[in-house]
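Peer 1: Pasted the sequence and its predicted model underneath.
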2 protein chains.
Amino acid sequence: MKWDQLEEEPCSMARTIGVIGDRWTLLILRECFLRTRRFEGFQSALGITRHLLAERLKKLVRQGVLRRIPYQESPKRHEYILTQKGLDLYPIMMALVHWGDTHMVDERGRPLLHEHRKCGKMFDPVMVCSECGEPLSAKEVHVHPGPGARPASEKVSLDKKAKPKSRRQAA
Amino acid sequence: MKWDQLEEEPCSMARTIGVIGDRWTLLILRECFLRTRRFEGFQSALGITRHLLAERLKKLVRQGVLRRIPYQESPKRHEYILTQKGLDLYPIMMALVHWGDTHMVDERGRPLLHEHRKCGKMFDPVMVCSECGEPLSAKEVHVHPGPGARPASEKVSLDKKAKPKSRRQAA
DNA sequence: ATTTGACAGTTCAATTTTAGAACTGTATGA
DNA sequence: TCATACAGTTCTAAAATTGAACTGTCAAAT
């Protein structure tokens, strides 16, 4: 599959993955949320090759996740700043961090703690239902086709048509 | 950088990315949450090469995200089922979907709608503070080093030591 | 009894990506 | 004039991914 096809899939998750779903991009975004703004800053914080960094930044700008803003003339220099679209990635970042905090810490404990300014306490992020406010878990959620779903008639695999398959016992 | 180094970084996000931070893995997990369990199921839904699929599944099992469970003898066949650790990825998945729903839909609207069984309504996921219940945004959160933070003395870039750098005006 | 097909992989050459390192070019400060 | 900051670009070698074919067990159909 070509990765730019991902963005055309009738699946919001696939589309998101098409934009931010690779390791370097995610790490670059981590740095953005930690207030890194400049090429050298990203490069030395991450150890990413300059080539890839340039490419990833360009893509994020194209996608509207970052904005490239001049901070000095001669020589022209730019900073990479999160747009609102980029800032909206925050729940994804926090969800990634929280899973790591829960399942990947060593005996020493969490590398970072998060303080919520409004209430002043150290917190964990919790995902709740926008309608009733209750915490969500996979089993309590039912999925329905939405208006942008692909008609059942053209259900195909992610790239080419799935080979026609009969089923013996499989559902 | 070698990707298995990521899991040893003193950063929960990097560690999580080390486990699930590549495109195919994320798509495989999407299928898991949509109740796909078998090799052929993943393969035909995603169009991933069999080689990579086998590798990714193996890695997810090694990491404890999936469990490989026999569902028939002769020939031995197994299903891949989310463990609790895997189920706990749900907020990440929902956060990815929700960002796509918000920023990547076309004129036709969302491909999928989510119904919360408890309250019966179509919902969006909202990330809130575990302490005060208020919705979170990046700007209201302060980060502090936790017990597992790396001592400042050995602050280095993600792979090799950062080259010593002076700073002129950079922060 | 033989053929067909489901299923879950494994193998291998060709292609694409990524890593690592050096190089380009403008400008500042010593 | 020389060294350094900064933001890239260019190049080759190494690693990952694709695409396609192949392996092997078993069940059902002919």
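Peer 2: Here it is on my side, so go on. Residues are numbered from 1 along each chain as shown, chains lettered A, B, ... in the order given.
Peer 1: Pretty sure A:Val65 sits against A:Tyr80.
Peer 2: No - A:Val65 lies out of contact with A:Tyr80 (C-beta atoms under 8 Å); the separation is 9.5 Å. All C-beta atoms are positioned from the backbone trio N, CA, C, and that covers glycine.
Peer 1: quick one: which of these two has more around it?
Peer 2: Taking other C-beta atoms under 10 Å in any protein chain shown, A:Val65 and A:Tyr80 do not tie; A:Val65 has more neighbours (25 against 22).
Peer 1: OK, contacts around the more buried one?
Peer 2: Going by C-beta atoms under 8 Å, 6 or more residues apart in numbering or on different chains, A:Val65 touches A:Val19, A:Ile20, A:Leu29, A:Leu82, A:Thr83, A:Lys85, A:Gly86, A:Leu89.
Peer 1: Restricted to strands, list these.
Peer 2: The strands, defined by DSSP state E, take in A:Leu82 from the contacts of A:Val65.
Peer 1: Return the member of the contacts of A:Val65 nearest to DNA strand C.
Peer 2: DNA strand C lies nearest to A:Ile20 out of the contacts of A:Val65, by C-beta to the nearest atom of the strand, at 12.9 Å.
Peer 1: Let me see the confidence value for the spatially most central residue of chain A.
Peer 2: Nearest residue to the geometric centre of chain A (C-alpha atoms, centre = their mean): A:Ile20, 4.7 Å. Here, the pLDDT recorded for A:Ile20 equals 97.
Peer 1: Enumerate every residue touching it.
Peer 2: By C-beta under 8 Å, 6+ apart, the residues touching A:Ile20 are A:Leu26, A:Leu29, A:Val65, A:Leu89, A:Ile92.
Peer 1: How much space separates the fourth one from A:Lys139?
Peer 2: By that I understand A:Leu89. Separation of A:Leu89 from A:Lys139 (C-beta to C-beta, to the nearest Å): 26 Å.
Peer 1: Report the closest residue of chain A relative to DNA strand C.
Peer 2: A:Ser74 (3.1 Å).
Peer 1: hang on, A:Leu89 packs against A:Leu29?
Peer 2: Yes - if you go by C-beta under 8 Å, A:Leu89 and A:Leu29 touch, sitting 6.1 Å apart.
Peer 1: Nearest to DNA strand D among the contacts of A:Ile20?
Peer 2: Nearest to DNA strand D, judged by C-beta to the nearest atom of the strand, of those is A:Leu26 at 14.3 Å.
Peer 1: Touching, that closest one and B:Ile17? I think so.
Peer 2: Yes - judged on C-beta under 8 Å, A:Leu26 makes contact with B:Ile17 at a distance of 5.2 Å.
Peer 1: Looking at the two, which has the bigger crowd around it?
Peer 2: With neighbours defined as other C-beta under 10 Å, A:Leu26 and B:Ile17 compare such that B:Ile17 has more, 24 against 21.
Peer 1: you'd agree A:Cys33 is up against A:Tyr90?
Peer 2: In this structure residue A:33 is Phe, not Cys. Yes - with contact defined as C-beta under 8 Å, A:Phe33 and A:Tyr90 form a contacting pair (6.9 Å).
Peer 1: Now the common contact residues for the two.
Peer 2: By C-beta under 8 Å, 6+ apart, A:Phe33 and A:Tyr90 have these common neighbours: B:Ala138.
Peer 1: Report the secondary structure state of the residue nearest to A:Leu52 when sequence neighbours are not counted.
Peer 2: Excluding the flanking residues, the one nearest A:Leu52 by C-beta to C-beta, 6 or more residues apart in numbering or on different chains is A:Trp24, at 5.9 Å. Three-state call for A:Trp24 (DSSP: H, G, I helix; E, B strand; the rest coil): helix.
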